[in-house]
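>>> below are the sequence and a predicted model; questions follow.
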Number of protein chains: 2
Amino acid sequence: MVRQMTEMLKGTLEGVVLAILSGKSAYGYEITAWLREQGFADIAEGTVYALLVRVEQRGFVDVDRVPSEKGPPRKVYSLTAAGRDYLEDFWRTWSFLSDRLEQLRQEGN
Amino acid sequence: MVRQMTEMLKGTLEGVVLAILSGKSAYGYEITAWLREQGFADIAEGTVYALLVRVEQRGFVDVDRVPSEKGPPRKVYSLTAAGRDYLEDFWRTWSFLSDRLEQLRQEGN
DNA sequence: CCATCTACTCAGCGTTACTCAGTACCGGTA
DNA sequence: TACCGGTACTGAGTAACGCTGAGTAGATGG
């Protein structure tokens, strides 16, 4: 199942992270930890960081460096207006795909 | 939205095609046409064929060459037992992801 | 002073879908 | 006959994304 999850996450993980950030600002380590709690056990450490760099470069998030009590300073990310727009697009795309899949599943059995 | 769809299809398109084949055997051109009807307008011709080669190599489908009335012979694909197992796995992975996403969407708004 | 937890970085890789072009067979039309 | 459009599949090269695995670095506690 791990392999399938890896491939399925392509394109959706980005949406997942942006959706998290639409609730509240967060930093990389926090997001990774949250994902693990939710059952995304197999998401690699580096994956989330790389993703955050990408969405930052595309202007979907702003970064704020905040000193941490423990360890190096945190990079706290928050959603921009462009990010919010993109997230809406993401939900539309997701809904379309989800509907088709659900339909297929019902037909199949 | 096209770009997002492209990435989101990685890992799911395979499941979609196998799900189609679980209903009935079909050939590449037919599958492509069906997908376009369903609204997957931006799926490229070659994509489905490449996918079918991959799943064949992994033993998820059997191939049967059938002469066509118009044009070259069709390669008709049907799901194997292994393919059926894999499809079940796919649905499990999908359900997991779908549940998490739905939860996030509700929290977000 | 070393282990552990926090927090982020980076190079290289594999998988997947796309692009774009090509092959080939058939029916109909001019 | 010559050509065109629809059917049906193939193949080379490209980009994006997530993974692997290793590394840097600060703070705390035994």
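Sure, I can see it. This structure is a prediction, so every number in the text was calculated from the model and none was measured.

>>> which secondary structure state does A:K75 sit in?
strand (DSSP: H, G, I helix; E, B strand; the rest coil).

>>> A helix includes A:T93, no?
Yes. According to three-state DSSP, A:T93 belongs to a helix.

>>> okay, now it: neighbour count?
Counted with other Cβ atoms under 10 Å in any protein chain shown, the neighbours of A:T93 add up to 22. The C-beta positions use only the backbone N, C-alpha and C, and glycine is treated the same way.

>>> excluding sequence neighbours, find me the nearest residue to it.
Taking Cβ to Cβ, 6 or more residues apart in numbering or on different chains, and ignoring the residues beside it in sequence, A:T93 has B:Q4 as its nearest neighbour in space, at 4.6 Å.

>>> for whichever strand or helix holds the one you found, C-alpha coordinates in CSV please.
B:Q4 belongs to helix B:2-9 when assigned by DSSP states H and E. Written as CSV, here are the backbone C-alpha positions of helix B:2-9 (Å, rounded to 0.1, in the frame of the first residue of the first chain):
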residue,chain,number,x,y,z
VAL,B,2,-5.2,21.3,-16.0
ARG,B,3,-1.9,21.4,-14.3
GLN,B,4,-3.4,20.3,-11.0
MET,B,5,-5.3,17.5,-12.6
THR,B,6,-2.2,16.2,-14.3
GLU,B,7,-0.4,15.8,-11.0
MET,B,8,-3.4,14.5,-9.2
LEU,B,9,-3.9,11.8,-11.8
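
>>> heading C-terminal from it, find the next helix or strand.
The helix or strand immediately downstream of helix B:2-9 is helix B:13-23, counting by DSSP H and E.

>>> which strands or helices does that following helix pack on?
Secondary-structure packing of helix B:13-23 (3 or more Cβ pairs under 8 Å, 6 or more residues apart in numbering or on different chains; DSSP states H and E): helix A:81-108, helix B:28-37, helix B:45-57, strand B:74-79, helix B:81-108.

>>> list the buried residues in the third one.
Same thing as helix B:45-57. Of all the residues in helix B:45-57, those buried under the rule 16 or more other Cβ atoms under 10 Å in any protein chain shown are B:T47, B:V48, B:L51, B:L52, B:V55, B:E56.

>>> so which of these reach DNA strand C?
Restricting those to those within reach of DNA strand C (Cβ under 7 Å from any atom of the strand) leaves B:T47, B:L51.

>>> for the buried residues of helix B:45-57, which one is nearest B:Y27?
Nearest to B:Y27 among the buried residues of helix B:45-57: B:L52, at 8.8 Å, using Cβ to Cβ.
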